[in-house]
Every structure is written in C-alpha cells, then in structure tokens.
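>>> here's my sequence, what's the structure:
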Amino acid sequence: MKILEYSMLALFFLSVTIHLYASLRQDKALRGKTKPFILLGLIGFYLAAADPVVLTVVLALFFSWLGDILLIPKGVKWFTAGGISFMLSHALFIVSYAARTDFSKLSLLPVILLPAVFVITALILFHFLRPHLPGGLFYPMLAYLIVNGLMNCFAWFRALTMGGAAGIVTAVGALLFFISDSSLFFVRFHKDSRLKTHFLVMLTYSLGEFLIVLGLIM
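Numbers count the residues shown, from 1 in each chain. Alright, predicted model coming up:
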C-alpha cells in the first residue's frame, strides 16, 4: 500500500506543480488538462492511506473534484454548478469533522466567536465585490462563502477538542480553502483586482485540500 500512497502523492504534487506553472503563464489549455488530476491524486492517496476510509470524506473530495471540472468552462451556469458541487463538499466535510468532535469539551466562546469572524469576513469581502458581480449572484456567492466559513468552524471545533497536531493540520487546510475561494471571486469578477491569475487560488486550494486530508489521516 505504501507504493500506492506514494504514487498517488506523486500524481497529486506533479499535477499541482504543472498546474501552478500553467496558472503563472496564464495557459488556459494546460490548466484545463492538469486540473482534473489534482484531486484524483488526493482521493487516491486518501483511499490508500486512511484507516478507516470514511465515506463522507471520500464524497467530500469527490464533489471538490467535480467542482473543479465544472469550473473549467466559462459562464455563469458552469460557475453556479461548480459552486453547488463545492457547497456539497463543504457540507460533507462538516459531517466528517463533527463525527470526530467531542462537543462536550467545547467551550461557548469559540462556538460564538468563530462563526462571527467568518461571517464578518465574508461580508467585508462582498462589500468590495458587490459592484463587480453579475446580477443575481451576490447572495448565492455570499451564502457559499459563509458555508465555507462554517466548514472552517467545524474544523477548528475538531482541533480544539481532539488535541494533537492532526486537528490543527486539517483546520489550517480549511482556512487555506477559505482564502482560495475568496481569491477566486476577485480573480473572476473584480477586474481591477491585483489578483490577475489563478496562481494564488490554486496554490491555497491545493495545499488546503492536502492538509485537510493529511489531518484526517493522521
């Protein structure tokens, strides 16, 4: 199984490296060819390394992969479909984290503070994005980012109650996922943004998904 684990990790990191290079070069064709293999490598790594393999985690990764595929074509319909797929991924990650969280050890402060931090952050980001968004997308996209923030909250709830490095690794990965989605909105819709390429989006996304999986395996 170690050979399979290393093979899947090699596929993941090779795909990420080529995809990031393509993002810097703004090579749309190469980005489209490499993007599907990023999560395929990570799913393979999880299946080979996890003991036990948790169905909700596999499904969360599958819907992330599907979201990647759906976001490759341009257009609001494809963007919306990709967003729905990623929202399902976040919901399944929440279920996975909650199953490994001892809520009796969780104090009231993080339960109140963490959701407030992510909701306020999302509102601030969308204050700047609103003039640049197509009609009808503002509230669905805001709701999506809040769901991502909720996924982050449950990752941190798990980290705060389980102890050790595994929970922190996954929580940091979830935070990178939030940064990735926030960056994507500016790259796609804010034409005056300093973010001109998908490099930061895919760097934080790939590393975030990897750390989420690594923390769940540990």
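>>> hey, let's count contacts and neighbours off CA atoms from now on
OK.
>>> where does G135 land in three-state SS?
Using DSSP: H, G, I helix; E, B strand; the rest coil, the structure places G135 in coil.
>>> what pLDDT does it get?
What the model reports as pLDDT for G135 is 78.
>>> ok, F126 - contacts?
Applying CA atoms under 8 Å, 6 or more residues apart in numbering, one finds that F126 lies in contact with F138, L142.
>>> quick check: the gap between it and T17.
31 Å (CA to CA, to the nearest Å).
>>> ok, now F185?
In terms of CA to CA, F185 sits 22 Å off from T17.
>>> residue contacts, the residue nearest the centre of the chain?
Nearest to the mean C-alpha position of the chain, by CA atoms, centre = their mean, lies F177 at 3.6 Å. Contact partners of F177, counting by CA under 8 Å, 6+ apart, are N148, T204, Y205, G208, E209.
>>> max pairwise distance over the residues you listed: which two?
Farthest pair in the contacts of F177 (CA to CA) is N148 and T204. Separation: 14.1 Å.
>>> so which of these two has more stuff around it?
A count of neighbours by other CA atoms under 10 Å puts N148 above the other of N148 and T204, at 28 against 21.
>>> next SSE downstream of the helix or strand where the more buried one lies?
If you go by DSSP states H and E, N148 is part of helix 138-162. Following helix 138-162 in sequence order, the next helix or strand is helix 165-189 (DSSP H and E).
>>> got the angle between that following helix and helix 138-162?
If you take axes from the mean of the first three to the mean of the last three CA atoms, to 10 degrees, helix 165-189 sits at 170 degrees to helix 138-162.
>>> distance from the chain centre to the helix or strand where F37 lies, please.
Counting by DSSP H and E, the element that carries F37 is helix 28-49. Mean-position distance between helix 28-49 and its chain equals 14 Å (CA atoms, centre = their mean, to the nearest Å).
>>> give the buried residues for it.
30-32, 34-49 (16 or more other CA atoms under 10 Å).
>>> what helices or strands is it leaning on?
For helix 28-49, the packing partners by 3 or more CA pairs under 8 Å, 6 or more residues apart in numbering; DSSP states H and E come out as helix 2-25, helix 55-70, helix 199-217.
>>> format the ones you listed as CSV; extra columns: mean pLDDT and distance to F118.
Formatted as CSV, the helices and strands packed on helix 28-49 follow (pLDDT from 0 to 100; distance: least, CA to CA, whole Å):
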stretch, mean pLDDT, distance to F118
helix 2-25, 95, 27
helix 55-70, 98, 21
helix 199-217, 97, 17
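>>> between those, which gets nearest to I94?
I94 lies closest to helix 55-70 among those, at 9.2 Å (CA to CA).
>>> how about the contacts made by the closest residue to L184 other than its chain neighbours?
If the residues on either side of it in the chain are set aside, L184 comes closest to V201, at 5.7 Å by CA to CA, 6 or more residues apart in numbering. By CA under 8 Å, 6+ apart, the residues touching V201 are I179, S180, D181, S183, L184.
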